[in-house]
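1. everything below, folded, please.
(chains A and B)
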Amino acid sequence: MRLKYIYTIFFIFFTGCNQKVSLSSEPSLSFTNVTISSGLGDYVHNNGAFGKKWFPEPMGPGGGFIDYNGDGWDDILMVNHSSWEDDQEKKLSALRLFENNQNGTFTDKTIEAGLNEIYTYPVGICAADYDNDGDQDFILTTLYENMLFNNHNSKFNEVGEKSNISNHRALSTSAIFFDSDKDGWLDLYVGNYTEWTPETDVWCTFQGKKGYCTPEVYDGVPSRFYRNNRDGTFTDETSVAGFLPAPGKTLGVSEFDFNQDGFPDLAVANDLARDLLYENNKDGTFSEIGTITGMAYDEMGKARAGMGIDVGIVDSSGEPTIFVGNFQNEMFSVYKYNPAGYFTDIAAKSRLGRESLKVLTFGMFLVDIDLDSDLDLFAINGHIQIEIESDNNQFEFRQLPQLFLNDGNAVFTLFDNEKNNAFNEPIVGRGGAFADYDKDGDIDILLTENSGGIHLWRNDLINDVTPNYDLNYIRIKLIGDNSNRNGIGSLLNLYIDGKKISRRVKTGSSYLSQSEKIITFGLGELNQIDSLEVQWSSGKRTALYDFDLNKEIEILE
Amino acid sequence: MSKWFLILSFIFLLSCETKDKSKEISLSQKELASKGVSFLNISKKFLNAKQFEQALSMIDSAENLIPNYLGVYFLRAKVFDELKMFDLSKENYEKVLAIDSKYPGANFNLGNNALIVSKFEEALSYFHKELKINQTPKTWVSIAIVHTNLYEPDSCEYALKQALRIDNEYSKALILLGQFYKDSGEINKAINFTKKALDLDPQNIDYQYFYGSLLFQNSNFKLALPFLQNVVSQKPWDYWAYNNLAQTLIRLGKKDEGEKMLILSDSLESKNSVIDLAKNQAQSNPYNVINWIKLGDDLRSVGRKKEALDAYKSALFVDPQNEFLAQNVALFALDLKDTTSGVNLLEKVVSLNDKNADVWFNLGIIYAHQSKYIESKNALEKSLELRPNDEIILQHLNQVKEWIN
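-> Sure thing, here's the model as predicted:
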């Protein structure tokens, strides 16, 4: 077994012009919206709207972090301009790529990366090294055929047709790369939403005028599963792998291993169709057991408007909890797994229920934002119908994102955003992703907005650390060998102060978005790690004992 | 304030009046008033039977006798409440309040109507006006519901506690406090309040259901089971209950039984979504007869026949001349053993078209069952007149004649 530690450049104290002074004995969590100062200010998503209120318009955009040039600094890839198929003028590309200048700013590299002439109706992205050649590739889901971009020396080639993932025309949404059969090659699950074409567009009214339809009026399209052929191509095994029948209307998908059998399972969030749980049968096939395990419907047996999704271990039980963002007036779905074989919705018990009723949540992810060792929950919110505010005074079109801080035992408190400028701007939120783009040790946030800009929030937690307070963390990057190159599907168990903290390397989750694949363990004031165990996707195990904190470490399988 | 209001408000007091002259005058007025009030009482019965046209007709008759009487406007508003015609309802409540701004219940009903159409601030304003007139637990409960919709949990809790301060055994407040604490994640408190409500109203199937679902959420699967089973037996169309029962059975190890229930729940859920949509359409445009018929059909398809009949009756109010509809609704009412509605509707059909032999025949048979032999004979004779060679009609007519003799 090879073990290597590569200590990368890091900053313990990132000092910048926005540094704040904290009088408290503990570091205070605060964010600064650095969109403009980081050079991302000229990006505006175009959803293709031209007055007809076509169904796909309010869905996007996806976006997120991808280290496309392998320099160890996360770049930003965004869904950009939406072109309808019969548009006469196709001037703007469906994608924009911003390279990280390693100084807090970004430079547009769309042309250099070969992404400047992509004309489609783009929806979401998911990035991973599907061909195990050491760089980051990505899938672009669209209204039409999906596109796969293969990275070669920081330049992308569209290989969707060649790789067989463009075999299907549907309104696709979130996708996930995961190693379903643990053969070391990443397979692909692509969420599909509903049937829709301009010709079949339904005239839905809102306040007497054409409005955006809800998905009930269209038939769902089942999502697709593509098995990696280990030669740069995929085979559509949707049916043979057990993914049919399915209700479709999928908006989010996340990977986890709920039964701890070592094989990845999938949790799928569907919009007004039951949520799904695909249990891995360990023979290349899956069984859908969402309803019988009690995670498919709300407590009344009603399908909710599931959008973004994430899964993580948020308490000391060691069991995973699925989080799904839903429509306004619906609580988040918060399904905690019970080893007896079923899920229990703990939305109210976790104190997330009430606050989540107020918002329409799309993106949603779990991350240790305050570096206190537990996973916190971030929700990106925004409505569909712009006219909603005039119709009903308790609903807002633009909504504030929400950060819920975990007390370590799955009881969450809404972060007081009144004191924080970044939180005070309501947006038509859609996607959301996280990464430590400035490599200062804390987790930064990127939000996407329908028909709006990027919102890059720098986390100033590390900046705010008071001299008498040690805030520690460790960031782990896996490089697989027998496992897939990104180590996706691997589990990291950190043992510290008598407790185990578990994180899983994965893609997918949230909504249409890509977060970094590096795992951050916040340690709070603790400064001594007992051990770190890596359960690689391949089944191998690695144990590490003595290493320094407050660094980013690469571990090779 | 009109003289009629005074007379009717104090009708029982006036009957004790002793002055001769005034007695003469008031006797005449009292007679009219008394007749008017009796019309209103009949109207209430029609309203309870969802026979809206007849209810309004009685109210009109009452109004002729006792113009400007508050009860006339109030009852008319209530009829329009039932029909979800809130604009007309509001018009009448406002007439009530113009005459007597402290008339109990008017602001409360206006508030509830505003609440139904999600005008929460307006609802709140009406409820607080009502409180100034009349401190009742039900008004506080409605206020609590508004605050829930406005995402104001503290105000909701306060309102529910105010309701219980007035009447600590007001089960609606107790059950809503149970719901409140459930949403707050305080499941044991939720169970305690719900249990209190259930003890006060043990036959209430909704309370039983909520209590069962709370026990389920608290992992008391064995205790939850009988409550959920009872709900399913009484509300076989309720997919919520099937789902909860199914999940309970699965957790108790009865996987096969649970899975069957889940299949049922699934199929019912899709049907109920259709019903919800139909309800919204009927509410948003109550003047469209198709909306009510669609709602009736959808409700009927899942066995919610009583509610279906009510929807059909609303349809008939919107389209009173629709003979075909009236006939079908009459037969449906009779099928539900609602003979009163059935007969009334059949009589309505023959009033629209007296050439329908089948309707006359049906009326004849029902009258006979009600021992109204003369009416039965007349109806059967009318049917036979329209279909002279029909042996069955003749046979029944002869039987009825025999009974008369």
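2. avg pLDDT for stretch B:291-311?
-> In this model, stretch B:291-311 has a mean pLDDT of 91.
3. what are the buried residues along that stretch?
-> Applying a neighbour-count criterion of 16 or more other CB atoms under 10 Å in any protein chain shown, one finds B:291-296, B:298-300, B:302, B:304-305, B:307-311 buried in stretch B:291-311. C-betas here are computed from N, CA, C, even on glycine.
4. grab the nearest non-local neighbour of residue 387.
-> Reading this off chain A. Leaving aside its sequence neighbours, A:Glu387 sits nearest to A:Gln207 (CB to CB, 6 or more residues apart in numbering or on different chains; 5.3 Å).
5. try again with chain B
-> Nearest residue to B:Arg387, sequence neighbours excluded (CB to CB, 6+ apart): B:Ala357, at 4.4 Å.
6. what sits against the one you found?
-> By CB atoms under 8 Å, 6 or more residues apart in numbering or on different chains, the contact set of B:Ala357 is B:383, B:386-387, B:390, B:393.
7. look up how far B:Asn389 lies from it.
-> Distance of B:Ala357 to B:Asn389, given as CB to CB, to the nearest Å: 11 Å.
8. what of A:Leu400?
-> Counting by CB to CB, the gap from A:Leu400 to B:Asn389 is 79 Å.
9. same thing with A:Tyr278?
-> 70 Å.
10. more crowded one of the two?
-> For A:Tyr278 against B:Asn389, the residue with the higher neighbour count under other CB atoms under 10 Å in any protein chain shown is A:Tyr278, and the figures read 26 against 7.
11. what is the end-to-end distance of stretch A:260-276?
-> Across stretch A:260-276, the terminal residues are separated by 18 Å (CA to CA, to the nearest Å).
12. what of stretch B:281-300?
-> Note: stretch B:281-300 ends 17 Å apart using CA to CA.
13. tell me if that stretch is near chain A.
-> No: using CB under 8 Å from any CB of the partner chain as the criterion, no contacts between stretch B:281-300 and chain A are found, and the smallest distance is 10.0 Å.
14. low-confidence regions, chain B specifically.
-> Along chain B, segments meeting pLDDT under 70 span B:1-28.
15. point me to the residue of it nearest chain A.
-> Sorted by distance to chain A under CB to the nearest CB, the residues of chain B start with B:Asn243, at 2.6 Å.
16. ok so, going back, please flag which of the contacts of B:Ala357 sit within helices.
-> In this view, these that belong to helices under DSSP state H are B:383, B:386, B:393.
17. surely the first one and B:Phe361 touch.
-> The one in question is B:Ser383. Yes: at 4.2 Å, B:Ser383 counts as touching B:Phe361 under the criterion of CB atoms under 8 Å.
18. so which of these two has more stuff around it?
-> B:Ser383 (27 against 22).
19. which residues touch A:Arg304?
-> Remark: with contacts taken as CB under 8 Å, 6+ apart, A:Arg304 is in contact with A:272, A:275, A:297-298, A:324, A:326-327, A:330, A:333.
20. go on, B:Ala311?
-> Applying CB under 8 Å, 6+ apart to B:Ala311 gives the contacts B:282, B:292-293, B:295-296, B:299.
21. B:Lys189 now?
-> B:Lys189 makes contact with B:Tyr181, according to CB under 8 Å, 6+ apart.
22. for it, helix, strand, or coil?
-> Per DSSP: H, G, I helix; E, B strand; the rest coil, the secondary structure class of B:Lys189 is helix.
23. got phi/psi on A:Val34?
-> With angles defined as degrees, to the nearest 10, A:Val34 shows backbone torsions of phi -110, psi 20.
24. no wait, B:Asn41
-> Per degrees, to the nearest 10, the backbone of B:Asn41 is at phi -60, psi -40.
25. what about it, how many residues nearby?
-> B:Asn41 sits with 13 neighbouring residues when counted by other CB under 10 Å.
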